[in-house]
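Student: What shape does this take:
(one chain, ligands or ions: 2)
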Amino acid sequence: MASPDLKPSDTLQRRGLMLILSSPSGAGKTTISRMLLEADDEICLSVSVTTRPKRPGEVDGKDYIFVDQAEFDRMVEDDHFLEWAPVFGYCYGTPKAQVKAGLREGQDFLFDIDWQGTQQLYQKLEIDVVRVFLLPPSIDELRRRLTGRGTDSADVIARRMERARAEISHWDGYDYVVVNDDIGHCFDKVREILHAERMKRARQTGLIGFVRELMRD
Ligand SMILES: Nc1nc2c(ncn2[C@@H]2O[C@H](COP(=O)(O)OP(=O)(O)O)[C@@H](O)[C@H]2O)c(=O)[nH]1
Ligand SMILES: Nc1ncnc2c1ncn2[C@@H]1O[C@H](COP(=O)(O)OP(=O)(O)O)[C@@H](O)[C@H]1O
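Tutor: Numbers count the residues shown, from 1 in each chain. Ligands and ions are numbered 1, 2, ... in the order given. This next block holds a predicted model:
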């Protein structure tokens, strides 16, 4: 029974959502993801499995689950992934466990995955998916960010720059596109998207009961 003293938005049950952040490498999705996870208790990261080597500062189990190729292949065979894709010569996959049950319980998940993974998740779980693409303000700035991050060799940076245009070409497969010029502004925009998407009628599973009670009173 809904109490008139409680705001429906505080009490109504809702289904969780899957917020996907994609961008060309270096445009800022890891930075925005970390800010969002710190600022918002209702969303947690879907930690991907990868065969790429760990970067300095990355934590196994927190940033990625780092495995070798044989282990990754076993996981594919065991149907461990919601989706997986090869990116930059390594394999990346989204584990299935937790996500489906979590969504039912109102848990939101953040995905830092590329356009291939985005398409696969959208095909499987369309109504739960919110797709956000981040663009750099310019190609020069993208190169500066990749170099300034200081985590990749010149070779790796060159490969990521080569792929940037191809990745940007998928911008129109997303629900929202945000230019990451000023980091604070970009973060605010992504947060506004998250807040608005949580309020969508279809996600507020408690609305039917609430309205029924409202009409009965
Ligand atoms: N399809 C898919 N892509 C992923 C997954 N995890 C990470 N990626 C993507 O793989 C690409 C490379 O990621 P990473 O090596 O961390 O470098 P980054 O581009 O600097 O973040 C990025 O485009 C990520 O979004 C995943 O589970 N599935
Ligand atoms: N708006 C921004 N302005 C300046 N530097 C940024 C901005 N967003 C991210 N960066 C920096 O650019 C580099 C790449 O960002 P990162 O989040 O690792 O990108 P991605 O995860 O998309 O590869 C990092 O050193 C980060 O601190």
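Student: Give me the nearest residue to the residue of the chain found nearest ligand 1, chain neighbours excluded.
Tutor: Taking C-beta to the nearest ligand atom, ligand 1 has its nearest neighbour within the chain at residue 117, 2.5 Å off. Yep, even glycine has a C-beta here, placed from its N, CA and C like the rest. Of all residues not flanking residue 117 in the chain, residue 83 sits nearest, at 4.8 Å (C-beta to C-beta, 6 or more residues apart in numbering).
Student: wait, is that neighbour part of a strand?
Tutor: Yes. Membership of residue 83 in a strand is supported by DSSP: H, G, I helix; E, B strand; the rest coil.
Student: Enumerate every residue touching it.
Tutor: 93, 94, 113, 116, 117, 120, 121, 124 (C-beta atoms under 8 Å, 6 or more residues apart in numbering).
Student: Repeat the analysis, applying 6 Å as the threshold.
Tutor: Going by C-beta atoms under 6 Å, 6 or more residues apart in numbering, residue 83 touches 94, 117, 120, 121.
Student: for this structure, which spans come out with low pLDDT?
Tutor: Filtered on pLDDT under 70, the chain yields the residue ranges 1-11.
Student: what residues go with each domain of it?
Tutor: Domain assignment for the chain by automatic domain parsing gives 8-46+106-216, 47-97.
Student: Burial-wise, tell me which of those comes out on top.
Tutor: Highest mean neighbour count of the domains of the chain: domain 8-46+106-216, a mean of 16 (counted as mean count of other C-beta atoms under 10 Å).
Student: wait, does that domain contact ligand 2?
Tutor: Yes. Using C-beta under 6 Å from any ligand atom, we find that domain 8-46+106-216 touches ligand 2 at 23, 25-31, 145, 148-149, 180, 182-183, 186.
Student: how about those, which pair is most distant?
Tutor: 25 and 182 (20.0 Å; C-beta to C-beta).
Student: Can you tell me the SS state at the residue sitting nearest the centre point of the chain?
Tutor: Centroid-nearest residue in the chain: residue 111, 2.3 Å away (criterion: C-alpha atoms, centre = their mean). Using three-state DSSP, the structure places residue 111 in strand.
Student: repeat for residue 195
Tutor: helix.
Student: ok, back up a step: contact partners of whichever strand or helix holds the residue of the chain closest to ligand 1?
Tutor: Assessed by DSSP states H and E, residue 117 sits inside helix 115-125. With C-beta under 6 Å, 6+ apart as the test, helix 115-125 has contacts from 20, 22, 83, 85, 129, 131, 170.
Student: 7 Å - rerun?
Tutor: 18, 20, 22, 82, 83, 85, 94, 129, 131, 167, 170, 173 (C-beta atoms under 7 Å, 6 or more residues apart in numbering).
Student: and these as a markdown table, adding secondary structure?
Tutor: As requested, these are exported to a markdown table (three-state DSSP):
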| residue | secondary structure |
| --- | --- |
| 18 | strand |
| 20 | strand |
| 22 | strand |
| 82 | strand |
| 83 | strand |
| 85 | strand |
| 94 | strand |
| 129 | strand |
| 131 | strand |
| 167 | helix |
| 170 | coil |
| 173 | helix |
